[in-house]
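Peer 1: Quick one, structure for this:
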Amino acid sequence: MRKKEKRLITAFYTTHDAMAFEEFCHEHGVPGRLIPLPREISAGCGLAWSAPPEDEEGLKVLLQSAGIIPQELRMLEV
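Peer 2: A predicted model of the protein is given here:
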C-alpha cells in the first residue's frame, strides 16, 4: 500500500477545466497531476489536480493565468 502524503488538491467545476489546467501545467513545467476526486471533496467534476503542498499561492496565480476558477482548493492526505 502506498504511503499517504499531504497534497494540495484543486477541484474543478467541469472536466474541461480540469483537462485544460493539466495541459497548461504541462506546457509550463508545473509539478502535479490529475487524480480522481478524493471522497472528502464534493465537486461537479470527478477529477482534481494534485500538487506539492508548498506552493499554494503559486498555484492560485497559475489558475488565474490559465483563466480557470477552481471549485475548491484544499490540503489533503492522499
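Peer 1: What ranges does this structure have for its strands?
Peer 2: Per DSSP state E, the chain carries strands over the ranges 6-11, 33-36, 47-51, 72-77.
Peer 1: Pull out the buried positions in the second one.
Peer 2: Taking 16 or more other C-beta atoms under 10 Å as the neighbour-count basis, strand 33-36 is seen to contain the buried residues Leu34. In short, each C-beta sits where N, CA and C put it, glycine included.
Peer 1: could the strands of the chain be laid out in TSV, adding mean pLDDT?
Peer 2: Shown next, in TSV, are the strands of the chain (pLDDT from 0 to 100):
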stretch	mean pLDDT
strand 6-11	97
strand 33-36	97
strand 47-51	97
strand 72-77	95
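Peer 1: closest to Glu22 out of those strands?
Peer 2: strand 33-36 (5.1 Å; C-beta to C-beta).
Peer 1: Okay then, goodbye and thanks.
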